[in-house]
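Visitor: Prediction below, plus the sequence it came from.
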Amino acid sequence: METKIIHPSELNIAIKGIQQGELVAFPTETVYGLGADATNEEAVKQVYLAKGRPSDNPLIIHVSSKEQVLQFVETLPEKAKELMTRFWPGPLTLIFQLKEKSGLSKTVTGGLSTAAFRMPNNELTLELIKQSGRVLVGPSANTSGLPSPTLAEHVFHDLSGKIFGVLDGGMCQVGLESTVLDMSSETDIPVILRPGAVTKAQLEAVIGEVSIDQHLVSETEKPKAPGMKYKHYAPKTPVVMIDYHMNNWQEAINEAKEKGQKVGVLINQADAKNLSNLDGVFLLSSQRDVKEAMKSLFAGLRDLDERGLDIIFSETYPEKDEGLAYMNRLKKASNQKTYLK
Ligand code: TXA
Ligand code: MG
């Protein structure tokens, strides 16, 4: 199959594709999603195949309104309504208990009695959902294990030949996947299963106490968010973090160069000016800014991975607010490795 890059003016091609059970990647403010009609069992199966995704890892259902969620959920908790009013459309995914006959197949839910919902903040994609008359599954549109795509080109790189098309909406503005909040328990306080651009403090300002499950589970445990158990976001080239307290960039670079390695760095422009002896640089921000760094991290990992380097050093941020999401992804990309000296 020849994968089409679909221009925004050709939205009708994407709509027809979805209606005919094809896979169409769509832009969102976080990352590109691999779209398919959530109620078309065959199409959803193809999503797992195209990504090489394990079948027990459930998918997010993308809606174009709050009301659409009520097709699948008996009643929305009060706190959920407040969060939807404040953050939808936006980078917040909410997990709810499904109603008895939700019509969602095991393939979508991974056999769970809950499902994840999100209304993405992207005009084109909201139109795609509305005009196709479907709700869409949308895992990140990358090959499972690689960094999530933040440009249509990234999707094409991973999935060309395997999917019908990519709706090209340019660069994703947030750059990391949505915050996932589990609201499925009537008694427990809501739990953040995946940190993202909507921070714990922002959620708590609306609904009161929220907890974070940062536990990265082993292969044999049954995880709360099945996606947490897989190594994610990792490029082929080894990535090593530089602790911002230590600021030992040049030592790390020199040591690698002495071993004959080709070295790349992911860093802000101001700090990059002090470094020498580099084979590749990707700038994440101009003045060390965590939001800008979030936006460019995946693109930077992909870019440096194509340059034949032996090692990539990356900047780190304090693990709070947006820094929590940035560090969560970077730790996975680096297998938690920090340069020590
Ligand atoms: O920003 C995003 O969320 C992007 C864009 C395209 O919307 N989508 C995305 O989907 O990141 P995906 O499939 O790559 O990640 C969904 C995460 C996985 O970690 C999955 O395990 C978790 O949400 N998840 C989905 N349904 C769940 C459920 N019922 N209970 C717990 N975790 C769930
Ligand atoms: Mg993903």
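Guide: Good, I have the coordinates. Numbers count the residues shown, from 1 in each chain. Ligands and ions are numbered 1, 2, ... in the order given.

Visitor: near ligand 1, which residues of this structure?
Guide: Within the chain, the positions near ligand 1 by C-beta under 6 Å from any ligand atom are 28, 30-31, 33, 57-60, 93, 95, 112, 114-116, 118, 120, 138-140, 177-178, 180, 193-194, 224-227. Where you see a C-beta, it was placed from the backbone N, CA and C, and this is true even at glycine.

Visitor: Out of those, which end up buried?
Guide: Buried members of the residues of the chain next to ligand 1, scored by 16 or more other C-beta atoms under 10 Å, are 28, 30-31, 33, 57-60, 93, 95, 112, 114-116, 118, 120, 138-140, 177-178, 180, 193-194, 224-227.

Visitor: Output the lowest mean pLDDT helix or strand found in this protein.
Guide: None of the helices or strands of the chain scores lower by mean pLDDT, DSSP states H and E than helix 106-109, at a mean of 90.

Visitor: strand partners of the next helix or strand after that one, parallel vs antiparallel please.
Guide: As assigned by DSSP states H and E, the chain's next helix or strand after helix 106-109 is strand 114-118. Its sheet considered, strand 114-118 pairs with strand 60-62 (parallel), strand 92-97 (antiparallel) by DSSP bridges.

Visitor: immediately after strand 114-118, which helix or strand?
Guide: Counting by DSSP H and E, the next helix or strand C-terminal to strand 114-118 is helix 123-132.

Visitor: pLDDT (mean, whole number) over that next one?
Guide: Taken as a whole, helix 123-132 has an average pLDDT of 98.

Visitor: hey, which helix is longest across the protein?
Guide: Scanning the chain for the longest helix, with DSSP state H as the assignment, gives helix 290-305.

Visitor: List the buried residues for that helix?
Guide: 290, 292-305.

Visitor: do stretch 12-23 as well
Guide: A14, I15, G17, I18, G21, E22, L23.

Visitor: show me what contacts the fourth one?
Guide: If you count contacts by C-beta atoms under 8 Å, 6 or more residues apart in numbering, I18 has them with V24, G35, A36, D37, L128, S132, R134, L136.

Visitor: Return the closest of the residues you listed with respect to Q250.
Guide: Nearest to Q250 among these is G35, at 44.9 Å by C-beta to C-beta.

Visitor: could you say which helix or strand contains that closest one?
Guide: Counting by DSSP H and E, the element that carries G35 is strand 33-37.

Visitor: still on that earlier bit, which member of the buried residues of stretch 12-23 is positioned nearest ligand 1?
Guide: Of all the buried residues of stretch 12-23, ligand 1 sits closest to L23, with 13.1 Å by C-beta to the nearest ligand atom.

Visitor: V210 and V198 touch, don't they?
Guide: No - if you go by C-beta atoms under 8 Å, V210 and V198 don't touch, sitting 10.5 Å apart.

Visitor: how near is K81 to ligand 1?
Guide: 19 Å (C-beta to the nearest ligand atom, to the nearest Å).

Visitor: Would you agree that residue falls within a helix?
Guide: Yes - looking at K81 with DSSP: H, G, I helix; E, B strand; the rest coil, it is inside a helix.

Visitor: give the contact list for it.
Guide: By C-beta under 8 Å, 6+ apart, the contact set of K81 is K66.

Visitor: what about it, distance to G169?
Guide: K81 is 28 Å from G169, where distance means C-beta to C-beta, to the nearest Å.

Visitor: And M119, by the same measure?
Guide: Using C-beta to C-beta, M119 is found at 16 Å from G169.

Visitor: With K320 instead?
Guide: Distance of K320 to G169, computed by C-beta to C-beta: 31 Å.

Visitor: Those two - which one has more neighbours?
Guide: Legend: neighbour count by other C-beta atoms under 10 Å for K320 and G169, higher for G169 (22 against 12).

Visitor: so the more buried one touches P27, yeah?
Guide: Yes - between G169 and P27 there is a contact under C-beta under 8 Å: 2.8 Å.

Visitor: Dump the strands paired with strand 114-118 to TSV, plus mean pLDDT.
Guide: Below are the strands paired with strand 114-118 laid out as TSV (pLDDT from 0 to 100):
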stretch	mean pLDDT
strand 60-62	97
strand 92-97	97
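
Visitor: Can you give the domain ranges for this structure?
Guide: Per automatic domain parsing, the structural domains of the chain span 4-212, 239-333.

Visitor: Just the terminal-to-terminal distance for the last one.
Guide: In this case it means domain 239-333. End-to-end distance for domain 239-333: 7 Å, by C-alpha to C-alpha, to the nearest Å.
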